[in-house]
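Enquirer: here you go, sequence then predicted model.
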Amino acid sequence: MVFAERQIRAALTVLALSGLTLTTLQGTAGATAASAATASATAEPSPVASIERSTARALARSLAEPTWHKQVANAALAAEEVDLLPLTARSAAKSARDFRSTLVEAERDIAAAKGLGATDVGSLLQVRLAGKPVSESALTKTSPLVASAPADDDAGVVIAYDTAGNAHELSARKAPERPVYVIGVDGQEALAAGLEVIDKELAAKGLGTLSAAETTRSAAGTAGTAPAGSTGSAASTGFWTTRIKSISVADLKEPWFKGDAELFTLVTGFGTDGKVRVDTVTMPYVDDEDTTYYPGQILVNWSNYKYNLADAVLMEDDGDTNYSSLAKALAAALLTITDQGAYIPLVNAIIDAMPASWWSDDPDYVDSFYTLARETTGSRTGASANARMTVERYYVSAL
């Protein structure tokens, strides 16, 4: 198990930023040389990180106009995360209109870089305020800095820009003493669209259907105790599921300045046709580590599976995942696995299908649960001892 853990962590590198602090910038920004700041970042930024960085610099320049800066400040203080496209659309400031033209192009590039080009997805780029709490007056009087997440997992600094476009180094150790705007991708919007891409790709390859998401939604109907003599098949009387009563994660491997986590699960097993099946399950309610959530969410619909066993791999999207490429890689790896007449755990096949070279900011491996059975109930700890969930058998009755 130790070897497996090392293999997983080598394949899915964790973004090792524990925080953000301003080293040379306290109060008014004291510029460091742009070349030195750039040199401390990686030479090969990922596509998404590169777009975020250029957007951050463009936004920083636009904030030189006081009226627009005040509008951004008010929005950032009123909400944890602010969609930039609607915000620019509501502003009459010239710098906001100029920035919007850059933003529209960046939105298209982000969607393409994440493999969402053909998907109906809303605006993806957001801004949020990092640092200690501050009043509106103090925020608008402070010379603004705009940062984005570094592309390098091992970066010791974060690059931020001032209104002149100059680069500044922010230490990656603790929260800054002054406010900093942070540009990032709307993780929940991107994840929802990305899992739809994965579902469609896998379904086209015969490795699943869209029924997993539909099952979760439909489970709000009549559910409870199965009728006497029920076999658990997807008959007209309903079907058996495994439902999550509670779940907690010790380490979400998510830097605080990136906002809430975007957790999702790949549930795998052999479908009723004997082929490998993958169902995606999103967990938008899991925001913080060391917090127990009680979702009552369906994890496995057993009527979709041939055997009485399935695996679950929990992952967290750090923002740079290309979902189209991920789906194709999963399909290529899993199509080579055939039904041998007995259940085969599929966790390792999923992990091996995701080379770290695809991302600078990898989708983090959170934990995995091997061989969940239809009869499994009670508390289970993941193979990496990072996630813990309590599950129950749950019967969904036909309407």
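Expert: Received, thanks.
Enquirer: pull the contacting residues for the residue nearest in space to the middle of the chain.
Expert: Central residue of the chain (Cα atoms, centre = their mean): Asp317, 2.8 Å from the mean position. Contact analysis of Asp317 by Cβ atoms under 8 Å, 6 or more residues apart in numbering lists Gly187, Ala190, Leu191, Gly194, Glu262, Phe264, Pro363. For every residue, glycine as well, the C-beta is placed using N, CA and C.
Enquirer: same list (those residues) but as JSON lines, adding secondary structure and distance to Arg90.
Expert: Formatted as JSON lines, the contacts of Asp317 follow (DSSP: H, G, I helix; E, B strand; the rest coil; distance: Cβ to Cβ, whole Å):
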{"residue": "Gly187", "secondary structure": "helix", "distance to Arg90": "23"}
{"residue": "Ala190", "secondary structure": "helix", "distance to Arg90": "23"}
{"residue": "Leu191", "secondary structure": "helix", "distance to Arg90": "26"}
{"residue": "Gly194", "secondary structure": "helix", "distance to Arg90": "28"}
{"residue": "Glu262", "secondary structure": "coil", "distance to Arg90": "27"}
{"residue": "Phe264", "secondary structure": "strand", "distance to Arg90": "32"}
{"residue": "Pro363", "secondary structure": "coil", "distance to Arg90": "33"}
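Enquirer: let's have the residues you listed in a markdown table, adding neighbour count, distance to Trp240 and pLDDT.
Expert: Shown next, in a markdown table, are the contacts of Asp317 (neighbours: other Cβ atoms under 10 Å; distance: Cβ to Cβ, whole Å; pLDDT from 0 to 100):
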| residue | neighbour count | distance to Trp240 | pLDDT |
| --- | --- | --- | --- |
| Gly187 | 25 | 32 | 80 |
| Ala190 | 24 | 33 | 86 |
| Leu191 | 25 | 28 | 84 |
| Gly194 | 28 | 29 | 86 |
| Glu262 | 29 | 29 | 79 |
| Phe264 | 24 | 23 | 90 |
| Pro363 | 24 | 30 | 53 |
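Enquirer: between these, which is nearest Ile51?
Expert: Ala190 (12.7 Å; Cβ to Cβ).
Enquirer: so that closest one versus Leu145, what's the distance?
Expert: 25 Å (Cβ to Cβ, to the nearest Å).
Enquirer: again with Arg108
Expert: Taking Cβ to Cβ, one finds Arg108 at 26 Å from Leu145.
Enquirer: more crowded one of these two?
Expert: Set Arg108 next to Leu145 and count neighbours by other Cβ atoms under 10 Å: Leu145 wins out with 26 against 13.
Enquirer: next, the residue lying closest to the more buried one once chain neighbours are set aside: secondary structure please.
Expert: Excluding its sequence neighbours, the residue lying closest to Leu145 (Cβ to Cβ, 6 or more residues apart in numbering) is Ala160, at 4.3 Å. In three-state terms, and counting by DSSP: H, G, I helix; E, B strand; the rest coil, Ala160 is strand.
Enquirer: hmm, back to that, can I get the contacts of Asp317 in a markdown table including distance to Arg53?
Expert: Listed next are the contacts of Asp317 as a markdown table, based on distance: Cβ to Cβ, whole Å:
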| residue | distance to Arg53 |
| --- | --- |
| Gly187 | 18 |
| Ala190 | 17 |
| Leu191 | 22 |
| Gly194 | 21 |
| Glu262 | 20 |
| Phe264 | 26 |
| Pro363 | 20 |
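Enquirer: what's the distance between the residue nearest to Leu145 and Val281?
Expert: The separation that Ala160 has from Val281, given Cβ to Cβ, amounts to 36 Å.
Enquirer: do the same with Asn308
Expert: The value you get for Asn308 to Val281, if Cβ to Cβ is used, is 19 Å.
Enquirer: which one's more surrounded, these two?
Expert: Per other Cβ under 10 Å, whichever of Asn308 and Val281 has more neighbours is Val281, with 21 against 15.
Enquirer: that's a strand at the more buried one, yeah?
Expert: Yes - counting by three-state DSSP, Val281 is found in a strand.
Enquirer: what sits against the residue lying closest to it once chain neighbours are set aside?
Expert: Closest residue to Val281 apart from its sequence neighbours, by Cβ to Cβ, 6+ apart: Thr265 at 4.4 Å. The contact partners of Thr265, taken as Cβ under 8 Å, 6+ apart, are Thr280, Val281, Thr282, Met283, Leu299, Ala312, Val313, Leu314, Met315.
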